[in-house]
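Peer 1: return a 3D structure for these sequence lines:
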Amino acid sequence: MAPHATIPQRAPPPRSPASDSLQREDRPDDTRLMPEAMNRSLTDDPRQLRELLARTQQLAADHDLPSVVVGFAAPEGDRMFPDFVSYVESELRVEDAVFRMTRERAVLVLSDVPRDDAQSIVERLVEGFRGEAATLRELPVHVRYFEVEPGADELTVKRVLPAVFTD
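Peer 2: As a prediction, this is how the structure comes out:
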C-alpha cells in the first residue's frame, strides 16, 4: 500500500477587532451577517413596541411637539400590504419608525409632527405607493391616528393599540 500523502494546512487569516466582533459567542446564528433587508422578518419583536412608544413620548416631551402613532390595517391575506409597509419604511425620516405587528398590521410613529401633518404624510405615502405599484387601483388599508401630546400620561401598548386598531 502506498503511504497517504498529507496535505499541508493553511494557517487561518489574522484576526482583526472587526472580525472578532463577528465571531462573538452571543451571536445566535449567521443571520447578523446578512443585509438587513434579507434578514427582515414580516413582524417585529413585540418588546420593541414598548420601547418605541417610550421613545415617542420622550421625544414629544423633549421637543415640546406632538408625535403621532399611526395604525395601518389591511384585510387578512392582503398580498400588497407587506410591500406597502416596506415602501413606508424606505420613505421615512431617521427619527420615524415602523413596527410590524402582523402580516396585515403595522404601526408607524411620526415624531415631532401634529396630527394634521401626519395625515398629509400618510396620504402622500399611500399615493406614492400607488404610483410605484402601477396595477394597484386601490390600497385597502384602514388608517387610524393617535396623537401623543407633550406631557401626556404614560403611553402603554394597552392604551395605544386599541386606539389605532379598533373601530
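Peer 1: helix or strand: which one has Arg79?
Peer 2: Counting by DSSP states H and E, there is no helix or strand that carries Arg79.
Peer 1: just give me the neighbour total for it.
Peer 2: Using other Cβ atoms under 10 Å, the number of residues around Arg79 comes to 8. Where C-beta positions appear, they are placed from N, C-alpha and C, glycine not excepted.
Peer 1: need the pLDDT of it.
Peer 2: Looking at Arg79, its pLDDT stands at 87.
Peer 1: and the residue most central in space within the chain, bridged to which residues?
Peer 2: Nearest to the mean C-alpha position of the chain, counting by Cα atoms, centre = their mean, stands Val98 at 3.7 Å. Following DSSP bridges, Val98 is listed with bridge partners Leu108.
Peer 1: doesn't Glu91 make contact with it?
Peer 2: No. Using Cβ atoms under 8 Å, Val98 is not in contact with Glu91, being 10.0 Å away.
Peer 1: with just CA atoms, put stretch 129-143 into PDB.
Peer 2: Below are the C-alpha coordinates for stretch 129-143, written out as PDB (Å, rounded to 0.1, in the frame of the first residue of the first chain):
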ATOM      1  CA  PHE A 129     -47.000  53.500  -3.200                       C
ATOM      2  CA  ARG A 130     -49.900  53.500  -5.700                       C
ATOM      3  CA  GLY A 131     -47.600  55.200  -8.200                       C
ATOM      4  CA  GLU A 132     -44.900  52.500  -7.600                       C
ATOM      5  CA  ALA A 133     -47.400  49.700  -8.000                       C
ATOM      6  CA  ALA A 134     -48.800  50.700 -11.400                       C
ATOM      7  CA  THR A 135     -51.500  47.900 -11.400                       C
ATOM      8  CA  LEU A 136     -52.900  48.900  -8.000                       C
ATOM      9  CA  ARG A 137     -56.100  50.800  -8.200                       C
ATOM     10  CA  GLU A 138     -56.900  51.000  -4.500                       C
ATOM     11  CA  LEU A 139     -55.000  50.100  -1.400                       C
ATOM     12  CA  PRO A 140     -57.400  48.600   1.000                       C
ATOM     13  CA  VAL A 141     -55.700  49.900   4.100                       C
ATOM     14  CA  HIS A 142     -57.600  51.200   7.200                       C
ATOM     15  CA  VAL A 143     -55.700  54.000   8.900                       C
END
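Peer 1: give the buried residues for that stretch.
Peer 2: Using 16 or more other Cβ atoms under 10 Å as the test for burial, stretch 129-143 gives Phe129, Leu139, Val141, Val143.
Peer 1: repeat for stretch 114-126
Peer 2: Within stretch 114-126, the residues scored as buried using 16+ other Cβ under 10 Å are Arg115, Ala118, Gln119, Ile121, Val122, Leu125, Val126.
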